[in-house]
Each structure stands twice: as C-alpha cells, then as structure tokens.
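A.B. asks: Okay, here's the prediction I keep looking at, along with the sequence it came from:
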Amino acid sequence: MTEQRAPGWSSNYLFIMASIGSSVGLSNIWKFTYLAGENGGGTFVFVYLVSLLVMGIPILGAELLIGRRGGKSMVGSLQVLAARDGIHPRWSIFGWVSMTGVFLILTFYCVIAGWTLDYTITSFTGMLDELDAASAVVFYNDLLDNPLRMMIGQGVFVMATAWIVALGIKDGLERSISWMMPTLFLILIALLVYAMFTAEFLQAVEFMFKPDFSKLTARTALAAFGQAFFSLGIGVGVMLTYGAYMPRTSHVLKSAAIISFSDGFASMLAGLAIFPIVFQYGLSPAEGPGLIFMTLPIAFGKMPGGGVVGALFFLLLFVAALTSSISLLESVVAHLVETTRYGRKKISIVAGILLWLIGLATVFSFNIWKEFTPLPFGPLEGKTLFGLLDYFGSNLLMPVGGILMAIIAGWLLSPKVCDEELLHPKPLHMMLWRFLIRFIAPTAVAMIFLANLA
C-alpha cells in the first residue's frame, strides 16, 4: 500500500543538526554537571559514555527506524505499521499516550527554560555582579516567589517555540537549527576557552576523565544510564517524528551514533567549561540541582568580566532549551496537521496558548500553590503539580516508552523490515544491534524505571 509521507528534511546534514538540537538540551548542561558532581566525576562519565553505546544508540536507532518506516507522526506511523507490517492496531494507543505526555512535559520545560532567559537578561544588566552565597540563594528564591516574573520568561519561550514550529520544516525548523546549533557549540567552546585559562582546568579534566572504579556503585551506574537515556529524549516519539522526515538515503544506525555521541560531546564540553570555574572559586561540584542557578552565579559575580561570561552561559542554556522544545512541540503538531483540517500555523498558535495556560500550574507550584499536594499516597505523596508532571514524564512515560520502542523494533517488526530500513548493514552489525535492542537496552531501561519508582 502507498502511504502519504510527511515532508522531509532538505538534506541529511540538516536532519543530523536538527536531531542533535533535539537531544542537546537543558539536561546536557544543567543535569549532567550536577549529576557528575554528585557521583564522583570520572566514574560517572565513563559509565555514561558506555550507556550511550549499549542503550542510547540502539533505542535511538529503533525510534528513527520506526519513524522512517511509518513516515508520519508517532500515532500515524504506528497506524501505518499496523496496516502494512502486521503490528497490532492497539499500539496506536501508545502513540496517543506519548503525544499527550510530550505536551505535558513541554508545559513545565518551558517554565524552567524561562528561568534561563531571566538569568541571561539579569546577567547582561549586571544584577548578578558580586553575588555571595546568601544573595545568590535570595535572588533564586525571589524568582520562584514571583509568578509574574516567571510567567513572562515562560511566555517569551513559548512564543519562540510555537513561532518556529508554525513556520514548518524548511522555513521554521531547518532555518532556525541552521544557526542555533552552531551558535550553541560556539558559546560552549568560548566558555571552554575561558575555562582553559583558569588555574584549575587540569583539576577539572582529572575530575571528569580519571575514573575511580573503587567508588563505582549501583547508584552511580543507574544515575549515568538514566542521564544518557533522558538527555537523548528517547521513548516519547520525538525522534520518531524527526525520523519520519529522514532522507531515505540516510543510514539509521550511523545517524543514531552521530546524534548520541554529539549529545555526549556537548555534555563533556559543558563539564569542562563549568567545573574549572567551580573549583577556582572554592565551590563544590556536588551542589545538586542548585549548581547552575545558585552556585555558578556566585563564581560569575566574583570573576573579572563575570557579567558577560554569565550572560553567555545562560544564553547557552536558553538556546539549548529552545532546540529541544521545538522538537517536542513538532511531534505534537505533526499529528494534528495529519488528522485535522486546520493549518500548521493555527494549530501551533492554539498549542502555544495551551502550553502557556497549562504551564501556569508549574509556575504556581513554586509560589502560590507550593503547599498544594493533591495526591496523598505512595511515591506521589507530597508532590506539587509540577512534581507530579515531572514524575509522570521522567519516571513513567519516558522509560516505559523506551522499552516499548525496543519491543516494536526488536520483536514485532520482522528482520527483513529492519534490514530494509537500516539499508542492509553488515550481518555482524545487524546481529549486534538486534541483540542490544532485544535484550540489553530494554533491560537497562527497565532497571532505570524500577529505580525511579523506589
């Protein structure tokens, strides 16, 4: 049967750039650095890189394969696979759940991304100059306690995301990615060059790349595997949608490897740019989530030209968040364009309004609703609305989605279909991928899932 496919990327280069932009987000810079700091540096980094190889590449390859095979959004692609390749039609329910989950994840992602815009502006205006530990905490808490201030940052970020998606694949995603991704890496490299001239750069290199396996624990391993999984953004159909736009001449597994290790490379650059500054000013790398928004501003406030360096750093976070958010929204808009009579622009505008409105639940979770914890049982007890959304997206939807992607590609699609979509790889490569996608990768994700439920 002949299926109408989604519009494709203009070139394999732009597909790769867009996919790297989708995977490189706040998680690579914010979460990677504080997890590496909390888990001993080099040991965590080593396991993280291994996990990209044995889990990230196989599942990302599976998601791209399913998307290119179906040629549509996640729901549409699963419906095509049901009609053409024999998977059960009820698998489309997985697509609907993922699409809804992606939208809910994006509602709170836009709020956090709005903080990066707020910090960028305040850095440029000099408001972060000469901060000490106490005033940095006060500044951060003042942001969280001010819903109007958070709503403005959230609103600007939502508008930017919806506007890019509304313009379509070529005029929106491709045109924006073609300058945002080089900008992101240029800022990372500029910050890295600055860090190289600090006295503690070699200490940071040793901290990140000299593993001490005597300190390797199950907690460290699970944290590293979890970071690799979540930073790639696999399991929820975002990369599946990008795979639907993938050129037929692109090699799925080669592309998955490039995207995965570019994602890892961005995390390495971020660590090498951040940890020398942390060490130079006597701060702790194990500060947890507050490392970026409370600890680093102290260093920026002390260093010569810290306002400019700080502004560049938070601008980097903003751009990284934007390249990821457009892929999240695109995965939702793509399906609505396929199945409704409304145009992309109208759908994107309505989606943007809903993102902002539903995102207010996250905004208010940090101030006027911070005492509101609606579900008083089990692991959900004591969680705000933001906490519940985060738990649903990070602890449930993404891991379960990753396992189901592996099942579809590894067990439900025939070896012949996989061989066709992978462009007839060498038998050894095919055998290795099928072994990883059927056994190793889903087992690793299941362990992450169970650990997150504990």
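C.D. replies: Thanks, I have it. Only a predicted model underlies this, so the values are computations on that prediction, with no experimental measurement involved.
A.B. asks: can you give me how far the worst-scoring helix or strand of the chain on mean pLDDT is from the chain middle?
C.D. replies: Using mean pLDDT, DSSP states H and E, the weakest-scoring helix or strand in the chain turns out to be helix 290, at a mean of 77. Offset of helix 290 from its chain centre (C-alpha atoms, centre = their mean, to the nearest Å): 19 Å.
A.B. asks: Return the alpha-carbon coordinates of the helix or strand following that helix using PDB.
C.D. replies: Of the helices and strands lying after helix 290 in sequence (DSSP states H and E), the nearest is helix 296-302. Taking C-alpha atoms only, helix 296-302 is exported to PDB below (Å, rounded to 0.1, in the frame of the first residue of the first chain):
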ATOM      1  CA  LEU A 296      27.600  29.300  39.400                       C
ATOM      2  CA  PRO A 297      26.200  32.900  39.700                       C
ATOM      3  CA  ILE A 298      28.500  33.300  42.800                       C
ATOM      4  CA  ALA A 299      31.500  32.500  40.600                       C
ATOM      5  CA  PHE A 300      30.300  34.800  37.800                       C
ATOM      6  CA  GLY A 301      29.900  37.600  40.400                       C
ATOM      7  CA  LYS A 302      33.500  37.200  41.600                       C
END
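A.B. asks: In helix 296-302, which residues are buried?
C.D. replies: L296, P297, I298, A299, F300, G301, K302 (16 or more other C-beta atoms under 10 Å). Every residue, glycine included, has its C-beta placed from N, CA and C.
A.B. asks: Ok, stretch 435-443 next?
C.D. replies: Buried residues in stretch 435-443, defined by neighbour count with 16+ other C-beta under 10 Å: L436, I437, R438, A441, P442.
A.B. asks: how much space between the second one and I407?
C.D. replies: Here the criterion is C-beta to C-beta, to the nearest Å. By it, I437 lies 9 Å from I407.
A.B. asks: I'd like to know how many residues surround V45.
C.D. replies: Number of residues near V45 (other C-beta atoms under 10 Å) recorded here: 25.
A.B. asks: and the residue lying closest to I29 once chain neighbours are set aside, what does it touch?
C.D. replies: Leaving aside its chain neighbours, I29 sits nearest to A270 (4.4 Å; criterion: C-beta to C-beta, 6 or more residues apart in numbering). Counting by C-beta atoms under 8 Å, 6 or more residues apart in numbering, A270 makes contact with N28, I29, F32, T33, L188.
A.B. asks: Just give me the least confident of these.
C.D. replies: Scanning these for pLDDT, the low point is I29. It has 88.
A.B. asks: How many neighbouring residues does that one have?
C.D. replies: If you count neighbours by other C-beta under 10 Å, I29 ends up with 26.
A.B. asks: remind me which residues of this protein are low pLDDT?
C.D. replies: 1-6, 288-289, 454 (pLDDT under 70).
A.B. asks: redo that, cut-off 50
C.D. replies: Within the chain, the ranges that satisfy pLDDT under 50 run 1-2.
A.B. asks: The closest residue to L354 other than its chain neighbours is in what secondary structure piece?
C.D. replies: Closest residue to L354 apart from its sequence neighbours, by C-beta to C-beta, 6+ apart: F103 at 7.8 Å. F103 belongs to helix 91-124 when assigned by DSSP H and E.
A.B. asks: repeat for F279
C.D. replies: Using DSSP H and E, F279 falls within helix 252-280.
A.B. asks: tell me which residues in that helix are buried?
C.D. replies: For helix 252-280, burial by neighbour count (16+ other C-beta under 10 Å) applies to 252-257, 259-264, 266-280.
A.B. asks: Would you list the phi and psi of G343?
C.D. replies: Main-chain torsions, G343, degrees, to the nearest 10: phi -80, psi 170.
A.B. asks: Distance from the helix holding F103 to the middle of the chain?
C.D. replies: Centroid displacement of helix 91-124 relative to its chain, using C-alpha atoms, centre = their mean, is 10 Å.
A.B. asks: ok, now which ones touch the nearest residue to Q154 once chain neighbours are set aside?
C.D. replies: The shortest distance from Q154 to any non-neighbouring residue, by C-beta to C-beta, 6+ apart, is to G114 (4.0 Å). Applying C-beta under 8 Å, 6+ apart, we find G114 in contact with M150, I152, G153, Q154, G155, V156, F157.
A.B. asks: And W356, how close does it get to F314?
C.D. replies: The gap separating W356 from F314 is 21 Å, by C-beta to C-beta.
A.B. asks: again, but for V50
C.D. replies: According to C-beta to C-beta, V50 and F314 sit 31 Å apart.
A.B. asks: Comparing the two, which residue is more hemmed in?
C.D. replies: Each of V50 and F314 has its neighbours counted (other C-beta under 10 Å); F314 has more, 26 against 15.
A.B. asks: So the residue nearest to L354 is in contact with G352, correct?
C.D. replies: No - the pair formed by F103 and G352 falls short of the contact definition of C-beta atoms under 8 Å, at 11.3 Å.
A.B. asks: Looking at the two, which is more packed in?
C.D. replies: G352 (22 against 18).
A.B. asks: ok, and what's touching stretch 216-228?
C.D. replies: Applying C-beta under 8 Å, 6+ apart, the external contacts of stretch 216-228 come out as 27, 31-32, 35, 38-40, 43-45, 47-48, 50-52, 55-56, 264, 444, 447-448, 451-452.
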